Every structure is written in structure tokens, then in C-alpha cells.
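>>> Structure for this input, please:
(chains A and B)
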Protein chains: 2
Amino acid sequence: MLKNTVVIKMKKIKVNLHTDEIPTKWYNILPDLPPGYPPPLDPKTFKPISPEPMMRLFPKECVMQAVSTQREINIPEEVLETYLAIGRPTPLQRAVRLERALNTPARIYFKREDVNPAGSHKPNTAIAQAYYNMKEGVERLTTETGAGQWGSALALACSLFNLKCTVYMTRSSYLTKPGRRIVMEAFGAEVYPSPSDKTDFGRKLLEKDKNHPGSLGIAISEAVEDCIKNERTKYSLGSVLDFVLLHQTIVGLEAKKQMEIIDEYPEVVVGCIGGGSNYAGLCYPFIQDKLKGKKDITFIASEPKAVPSTTKGVYEYDYGDTAEIAPIVKMYTVGHTYQCPPIHAAGLRYHGKAPSMSFLINKGVMESRAYTQTEVMEAASLFARTEGFIAAPETAHAIKTVIDLAIECKRRGVGKTILFNYSGHGLLDLKVYEEYHSNTLQDFEATREMLEAGFKSLPKIPA
Amino acid sequence: MLKNTVVIKMKKIKVNLHTDEIPTKWYNILPDLPPGYPPPLDPKTFKPISPEPMMRLFPKECVMQAVSTQREINIPEEVLETYLAIGRPTPLQRAVRLERALNTPARIYFKREDVNPAGSHKPNTAIAQAYYNMKEGVERLTTETGAGQWGSALALACSLFNLKCTVYMTRSSYLTKPGRRIVMEAFGAEVYPSPSDKTDFGRKLLEKDKNHPGSLGIAISEAVEDCIKNERTKYSLGSVLDFVLLHQTIVGLEAKKQMEIIDEYPEVVVGCIGGGSNYAGLCYPFIQDKLKGKKDITFIASEPKAVPSTTKGVYEYDYGDTAEIAPIVKMYTVGHTYQCPPIHAAGLRYHGKAPSMSFLINKGVMESRAYTQTEVMEAASLFARTEGFIAAPETAHAIKTVIDLAIECKRRGVGKTILFNYSGHGLLDLKVYEEYHSNTLQDFEATREMLEAGFKSLPKIPA
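Now for the predicted structure:
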């Protein structure tokens, strides 16, 4: 038997949950948001959109979740079982060796969302969406993917619920990340480089440039078009929407339980943001305590300087896709025609951020910071050599914030408790590590010209 | 709260262990082996080798573990903490969807050894070896790697214990698997294609053929030479040796605890064998019960037809490396000069098998089966589409055996409990999936000529 002191020490390093300790409800932040949360608008009439047209794209259950006033929403039994099968509950652990290397009084905890077959947090919503679609009799899901994390997750979820899956993958990623494509195909998905010849919008773009590199906005437009034009087909989105963020709250609910077990509570909660779902998943259950005045917590979102939606963008209504067919939402955005530089963290290339998160940032509940890719890979490299984990380039943004905070703690002699979302591993993004170590990594920052060009595309909403 | 029936159902799908439920001792099978286990011999004198010369290569603690008569050996506290930090205890889960797809009455359980940063079981011994070396004041470890699983694991362990690490990677893998190299370099290791210009043996081979593809035997010879010629440098081996297998028993000890929790006990235990360590790790704690007459269990080891050591090889004394400088051991072997075909499962290319496992196979305690790579990838593909896990091509061999057994169960109407080691993921070996799905995968089988050529190199031991 282990000595009691050793057990206590070990529990502080890592907290596992037993199967029956998995949370059984998601947390819906909508009823707890400050008043005045702007509704989504119809892209043609600019009037608030009713749930019904959304049901052509998404399962009814998901659409209703996005307008629910219930704080807690039951996770269906089959979704729970599938969460278990692919890796939940996930470990919470303390980055002891990183703390030691930084000689910081900060206590750094991270939630491992990389331990499932898709290697990121994305299956948390992919599984829920695939399940609700299966229940409704849908036969095929369409979606887009940039880095391939989301596409892999949806392909995985569809294979687990016997649905067909069609993925439009931005051509630049399709060509440079064959690994992600092979993973999706191994799960039985059909994967097309976007723009593709499968849709009107894709064909139109290919006519102008047959080597068009694509963008997330374009791939979304193609996936939506494919959905609308085909029967028993629905569309699936991996971030931004309220019901997607809802499904991700399993991350924060588990983390809260795990921190309680070791008598800890985070003073700072950190995550990277592309659309915002991994960070929302971790932080919304904690934000609840802040909004209710129960706890004083700092929330910091990390984004790339190449896509500085929350740090240099505007808080305005914008289209979710390039073809302007998806509903428009009020969010921090660099404009839906923004020309995104080819950063490795393709999962952070989306022009906007989740409306609920944008609203919280706008209200001052959350902060954000932006970095170049060399900065974040320096942080990821230190994390790999101390903690042994090869982070995805997206996740590296969160690690950069955490390391900066830990150094700040050291300088000020204050030992804060920091929690971050280790949202995914980088095993299918190793080129960024090779470029970093060989000093060939190129940095990109949004210039004033790039931003102004993007802002020009914002819809003119009548007052 | 969940209903009790749901909790029971969920527990049957997956069993997690809490941090303080991790086993704190390894199981040493040596005192439980049948009498007559043949000792390792000196490669020059053919006399039983004493522990002392082994200590030039390995830490004293490991060498002593390999001759220990203690059934249980304490896992040092720092090793336990590092096990926790990188992913232990690992989940045990049931392949419910695979069972359903096969319509089999068999209950299939697997132990997930892929949830650490190196993606395989290998860190279980890499961490122990790095720790004991660090304790002895060693500054650098040398090793070889084929597929890269072992090299990644040792590079990881060395970075966690602040040791330098030099990896000789077979040139064929070095060129075709850049991902594994980048991972090792991200952990701070130096990686050389083998044969290399860093050793006399390597230079000799390069003189004859500057594009020599290398082999595991050659890479071992280079790593051992580098160790012997340099101070404060030791060598590390990832399989075959008794102390390596000992460190892997944490896998089976956890699995035993997890199966007890759900009132199960395996009737068949399956694993793939290269050197034999992942399978020994899972099955030795169960073999103990068979050897003591407590349980009737079937043990089946799976190997490639391209390297059929236990199915078409001989049970003889053979060298562990190509340069004939490592100790010779009695094992199932195809001969240390065997020309291994380029199968994707590079981790199964080693010419011999662990002496203790070979002894158990020879005594009839364990069986073995052999497959072509198309057969195993067909099994892995079904596993990916039902369970959602992309297995390493090595692990695919175990999955093939399990699926065959489950089909057999269905035909005979018998519901057996099967347990196998999901020894690693295939995210850095995706080419094999691509070739399988595009029908370009090539099969290899050892011919009589290949085997006879290999057998000719066996040492002539005087009676």
C-alpha cells in the first residue's frame, strides 16, 4: 500500500474520474448571460430568424437547445455511452514539470481533450449532433474542415452512429495534411478538396481559379449547399453556434468536479479560440460562478495575430460563410471575406468568434490576447520538453498565455491557480514543429489593409 | 442522477481507475516459470553471463531485476508519478460496437495503451529505465528504433528525466516516417538514420552500400557500440529482456484490477508480438494464475507471416543483434541475419522473441498465429469503423486474432471473454491505411529460402 502522503501527492498530479462520475447534463449558459444578447438574423431580411428554417440544416433537438431557457440539459444515454467509449471522462492534470522549469509559484492545471481517436475536443459535439440526426432519420451529414480536427471528429461520430459523411476540406489543408484525410477516410467519410466540383458555388470559384486554396467560409458554403439540395441530408457545424458550445460544456463540468476533488478552484481559465467552442466548453461552467458573483475569476482567450477577431476586429453582425447563405450573427469578426494567412493553426482561421463568447468579451467578462506562430510554438516546444505532450498548433496559443501568466506570477511572487484546455494533440500537424526547430517558421500578422478589406464585406443592417 | 441500471451498463463499457488505484508493484514472472529457463550466454565464450558485464550497458537496478526471485518489485515513487503524468492508469473498455457488427456472443475487452504522448505501451519501460539511469548519474542513453514507437518513448522519458538521448533509426523508417523523427526531436533527442557514420559498424556497412536500408539488428549494434565507447552513456532496449517485460506488467496488473471491478475474467488473452513486451505486459499477470493452476486461460500471440519467429522459426540460442556483440539468448528466432521484408508493422520486424515468452510457448503455455498485412489491415479497418480507433499496424495483428476468435465463438455459439492489448495508435503510420483502402498494400511471407538463410547464422553452441 502507498503511504497516505504519497497518495495525496499523486492525487494533486492527476485526477481521473470513474465511469459513473461522468456529468450527465450539459450546462446551458443562455439563461445566465447578461441581458441584451443579440439574436441571429435572417441573411436576406435582416429580421430575427425563427427556429424553423434552422431545422432544415440542423436536428430539431439542437435548434431547440439553442433557444432553451433551461440551465441544465440532459445528455442522452447513448451519447453518454459513446462519450465513454471514445475517451471520456478525460484526465485533469497538473503541469508539475513545467512549473518547475519556469520556477513559478503558479499552479498550472490542464484538461486533456486529446485522448480520443480524433485527438481533440471536437467529438464532444460531433457525437451529440450525429446522435440527434440519427434519431431523426437523417442518412448523411455534410460539413467543412480546415485543419481536419473537426472533419475527423464528425467522420468518427458518423461511423459510430452509422451515418454517411461528406467533408469539404479547404484545398490548402487537403494538399498539405494528407494524414487528416486518411483518418476521415478510415472512418468511412467522403472527403473533397474545397472549392470542389460538387457544388454550384465551388464550380463558380474553380472556373476563376482551378487551384483555388479555399477557405473555411467557402467550405461552409459548399457543405450548406450540398445539404440544402439533397434529401435526408443535414449539415453539421463544429463551433460558433450556441448548441455546439453547450455540448462542449462537458469539458468544464468534468474539470470542475475534478478540481473540487483536490480542493482547488481556478483563478485564471485559459483557452485558444477559433470559433470558440473548446474554450467555451471549459470556461462556461466557471463563468456561471463569476456571473452569479460567487467567484472572482479571470478568463483569457488566446488567438493568432493573423486572425485577430477579438483583439483587432469589430463587434458587428456578420455572415458565417463566404456565400452569405448562413444566418448572420453579432460577433467579433475580421469580416467574412477576410483573406486569412496560411498559419499552421488552421483551426483558428475562422473570421468570426462564437456570438455568446463575443458578447461576454464585449461585456468585459472575458479578455483576449493575440500571438504570432513563432511565439506559440516556442511555448509548445517548452511544454513538449517538460510535460512530454506534443500540442496541436491551436492549443499552443493557450500554452503561450499560460506560460506568460506563470512568468508574471513569478515576477510578482503570487501563486495563482491556472487552468487551461489542452484541446488537442499535434501528431497530425508535425510540420509546424519541424519548421519551428529548423527556424523556418514564418510569422503572419493582420495588416490594417487586410482588416479594412475584410470589414468592407460586413452586411449593412438597417437600424 | 443516473439510474442504477444505467450505471451498471456504463461500467461494463469502460473501467477507469482513480489515481490512487494504480498498481504500485510490477509482477516478476521469473520465480513462477516452469523449471529449466535457459540463461543468457556470453556471445564470445558461450558461458552463462554474469550480471556484472550487463551493468556496462544497463542500470544496476534493471540488471538485478532480471535475476530477481521476488514475485513483486516496488515501482519507485518518481516512476509512479511519471506514469500518472503521461497517462496511467489507462482505461479498460469493451468493444461493444465491434461485437454488434460481428453479431458474436463473445465479450471483447481491450486495454488502451495509446493514451500517452508516445502513443504506445513503450513508455512503461522507457520511464523506468530513464529513471534508474538518472539515479545512477548517467547523462545520455543510446537506443535503436524501427517504426519509431520505441524511439519516441525513450526520447519522451529522457526529456522527463533530463537525460540526453541518441536514437539510431533504421534508414528505411527514417526516410518513410518523418513524423516519428520529428516527435523524437521535439522531445530533444538526436536521431540518426542507421547505418550511420557515427559508429565503426555503421561506417563499415555504408562503405558497401551508402543507401543501406538498415535493420533493427544493425541499429542495435550501433547503439550498443556508441554506448560502450562513451562515458556516462548507457544503452536502452525496448523489448525482449526480462526487466523490460517486468516493467510492462503494469498493463496486465491494471487490467486484472479493472476486470475484477466488473466481475469479469478473461478466457482468452491476445496480443501482437515483435520482441514480445506489450503482450507479456498484458498477459504475464494472468499467466501467473494459469501456471498456478488457478485458471484455465488460452494465450494467443499474433505475429506477421513476414517474420514468423514462433510459427516457422526455431527455438534456439541466437544473437540479439547483427554485429553479434549483445548477449545470446534462447528464443524463437528466424536468425539474426534474417532479411526482413518491408512490412508496415516495423515494430514486429525483430528476428527473435523474448526468451521468457519463447520458453512459455515452447512449454505449451501459450500459442501463436501468423498473418499477412492485408489480413490484419482488414481487421483494423473494421475496428476503426466500429470502435472508432485507428490502430497501429502492429496492434492490428492482435485485432485480427480477436475478430477470428469472435467469429469462431459465433459459429460455435459460445460466448467467451476475450481481452487484448490495444498497444498503440496508428496516427503516425497512416500510409498503411491509405494503401489498404486503395488496394495497393503488398503482402509478404517468409519463404523457405529466406528462413534457411536466417537459420545458417545461428551460433554453434557446444553441448
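
>>> nearest residue to A:Ala326 other than its sequence neighbours?
In this structure, A:Ala326 finds its nearest non-sequential neighbour in A:Gly320, 3.9 Å apart by Cβ to Cβ, 6 or more residues apart in numbering or on different chains. Heads up, the C-betas are built off the backbone N, CA and C, glycines and all.

>>> Check whether that neighbour really touches A:Val240, as I assumed.
Yes: between A:Gly320 and A:Val240 there is a contact under Cβ atoms under 8 Å: 6.7 Å.

>>> These two: who's more crowded?
Each of A:Gly320 and A:Val240 had its neighbours counted (other Cβ atoms under 10 Å in any protein chain shown), and the higher figure belongs to A:Gly320 (28 against 25).

>>> Look at whatever residue of the stretch 351-463 of chain A ends up closest to chain B and say how many residues are nearby.
Of all residues in the stretch 351-463 of chain A, A:Leu430 sits closest to chain B, at 4.3 Å by Cβ to the nearest Cβ. Look at A:Leu430: counted by other Cβ under 10 Å, it has 20 neighbours.

>>> does it really touch B:Val183, like I thought?
Yes: the pair A:Leu430 and B:Val183 passes the contact test of Cβ under 8 Å, sitting 6.8 Å apart.

>>> shared neighbours of the two, anything?
Taking Cβ atoms under 8 Å, 6 or more residues apart in numbering or on different chains as the contact rule, A:Leu430 and B:Val183 both touch A:Ile390.

>>> Tell me where the stretch 201-350 of chain A is predicted with low confidence.
Counting by pLDDT under 70, the stretch 201-350 of chain A contains no low-confidence range.

>>> So the residue of it found nearest chain B versus A:Glu267, what's the distance?
Using Cβ to the nearest Cβ, the closest approach of the stretch 201-350 of chain A to chain B is made by A:Ile261 at 9.1 Å. As defined by Cβ to Cβ, to the nearest Å, A:Ile261 lies at a distance of 18 Å from A:Glu267.

>>> Just want to know which of the two has more residues nearby.
Set A:Ile261 next to A:Glu267 and count neighbours by other Cβ under 10 Å: A:Glu267 wins out with 19 against 16.

>>> That one contacts A:Ile300, correct?
No: A:Glu267 lies out of contact with A:Ile300 (Cβ under 8 Å); the separation is 11.3 Å.

>>> So the nearest residue to A:Arg181 once chain neighbours are set aside: helix, strand or coil?
Using Cβ to Cβ, 6+ apart and skipping the chain neighbours, the partner closest in space to A:Arg181 is A:Val191 (5.1 Å). Classification of A:Val191 by DSSP: H, G, I helix; E, B strand; the rest coil places it in strand.

>>> A:Leu141 now?
Following three-state DSSP, A:Leu141 is assigned to strand.

>>> could you list every residue that touches it?
Under the criterion of Cβ under 8 Å, 6+ apart, the neighbours of A:Leu141 are A:129-130, A:133, A:154, A:158, A:163-166, A:233-236.

>>> how near is the closest residue to it other than its chain neighbours to A:Ile86?
The spatial neighbour of A:Leu141 that comes closest, neighbours along the chain excluded (Cβ to Cβ, 6+ apart), is A:Ser236 at 4.7 Å. Per Cβ to Cβ, A:Ser236 is found 17 Å from A:Ile86.

>>> Compare those two (neighbour count), which wins?
A:Ser236 (29 against 23).

>>> I figured that one hits A:Ile127, correct?
No: when contacts are counted by Cβ under 8 Å, A:Ser236 is not listed as touching A:Ile127 (11.1 Å).

>>> which stretch of helix or strand covers the closest residue to A:Asp200 other than its chain neighbours?
Closest residue to A:Asp200 apart from its sequence neighbours, by Cβ to Cβ, 6+ apart: A:Glu225 at 6.5 Å. Element membership for A:Glu225 (DSSP states H and E) is helix A:216-228.

>>> Can I get that helix in PDB, CA atoms only?
This file holds the C-alpha atoms of helix A:216-228, laid out as PDB (Å, rounded to 0.1, in the frame of the first residue of the first chain):
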ATOM      1  CA  LEU A 216     -13.300  27.800 -44.100                       C
ATOM      2  CA  GLY A 217     -16.000  30.200 -45.200                       C
ATOM      3  CA  ILE A 218     -16.100  28.700 -48.700                       C
ATOM      4  CA  ALA A 219     -16.100  25.200 -47.400                       C
ATOM      5  CA  ILE A 220     -19.100  26.000 -45.200                       C
ATOM      6  CA  SER A 221     -21.000  27.400 -48.200                       C
ATOM      7  CA  GLU A 222     -20.400  24.200 -50.100                       C
ATOM      8  CA  ALA A 223     -21.400  22.000 -47.200                       C
ATOM      9  CA  VAL A 224     -24.600  24.000 -46.700                       C
ATOM     10  CA  GLU A 225     -25.400  23.900 -50.400                       C
ATOM     11  CA  ASP A 226     -24.900  20.100 -50.500                       C
ATOM     12  CA  CYS A 227     -27.200  19.800 -47.500                       C
ATOM     13  CA  ILE A 228     -30.000  22.000 -48.900                       C
END
